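Student: no sequence for this one, just the structure:
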């Protein structure tokens, strides 16, 4: 069964450093999403992406964040200058028709 | 905006039935989904209601009443492996792109 994959599974970085989180959505899906979940809290929407552009973003998704689909398979989330409060699990999701399928997540720890 | 409310914790015994309620307030609504999340894991899709009524998938059922802005997830014949967090999620912010707004989750503990 097709699935969303994410790399790396864990990322540790120093405050102020740039990180890139990678996702490979399900191949025939057209809608892509990033969510984050701070430990013990709910899943929060960050951004949606369709037709090679951002279609919606939340207040969390400020100028430090960017997304890109550099080729036909990868979907990336970049955080330019990480802050301590960016420490969270980041989930990628993709959608074909109605249902969003989530990847296993990248646990980001900012020190 | 959109917000979803659900109980923070529920405890039940193995073999029992449990219902997890979700009420929502939204300026636009495109359907209610339910996800299961085990500790450290990804949200896993369980069920989706776009229209009023009951959707049944094995031991899990989900119900939606749009007039009451209310839905629930029903888990039958509970098993220990059902211990997890359950999130209701509404499609919001214009709906057409389907981004999900999650409730805070209900932690279900299944006891022997």
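Tutor: Right, received. Where do you want to start? Remember, predicted model here, so these are calculated numbers, not experimental data. Numbers count the residues shown, from 1 in each chain, chains lettered A, B, ... in the order given.

Student: Residue A:88 is in contact with residue A:39, correct?
Tutor: Yes: proximity of residue A:39 to residue A:88 meets the contact threshold set by CB atoms under 8 Å, at 7.3 Å. From N, CA and C alone the C-beta is placed, and that goes for glycine too.

Student: For the two, indicate the residue with more neighbours.
Tutor: Higher neighbour count among residue A:39 and residue A:88: residue A:88, with 21 against 8, using other CB atoms under 10 Å in any protein chain shown.

Student: Quick check: residues of chain B near chain A?
Tutor: B:31, B:33, B:35, B:37, B:41-45, B:48, B:50, B:87, B:89, B:93-94, B:97-105 (CB under 8 Å from any CB of the partner chain).

Student: Just the buried ones from the residues you listed, in PyMOL syntax?
Tutor: One line in PyMOL is enough to select the buried members of the residues of chain B next to chain A, burial here meaning 16 or more other CB atoms under 10 Å in any protein chain shown:
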select buried, chain B and resi 31+33+35+37+42+43+45+48+87+89+93+97+98+99+100+101+102+103+104+105
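
Student: The residues of chain B next to chain A in strands, which ones?
Tutor: B:33, B:35, B:37, B:44, B:45, B:48, B:87, B:89, B:100, B:101, B:102 (DSSP state E).

Student: which ones are touching the fourth one?
Tutor: Taking CB atoms under 8 Å, 6 or more residues apart in numbering or on different chains, we find residue B:44 in contact with A:102, B:35, B:36, B:37.

Student: Go through those residues and say which is closest to residue B:56.
Tutor: Within these, the smallest distance to residue B:56 is 16.0 Å, found for residue B:36 (CB to CB).

Student: What's the separation between residue A:63 and residue A:23?
Tutor: Applying CB to CB, to the nearest Å, one obtains 21 Å for the distance of residue A:63 from residue A:23.

Student: Let's test this: name the helix or strand in chain A with the lowest mean pLDDT.
Tutor: For chain A, scoring each helix and strand by mean pLDDT, DSSP states H and E identifies strand A:53-57 as the least confident one, at a mean of 89.

Student: circling back: for the ones in strands among the residues of chain B next to chain A, work out which two are farthest apart.
Tutor: B:44 and B:101 (17.9 Å).
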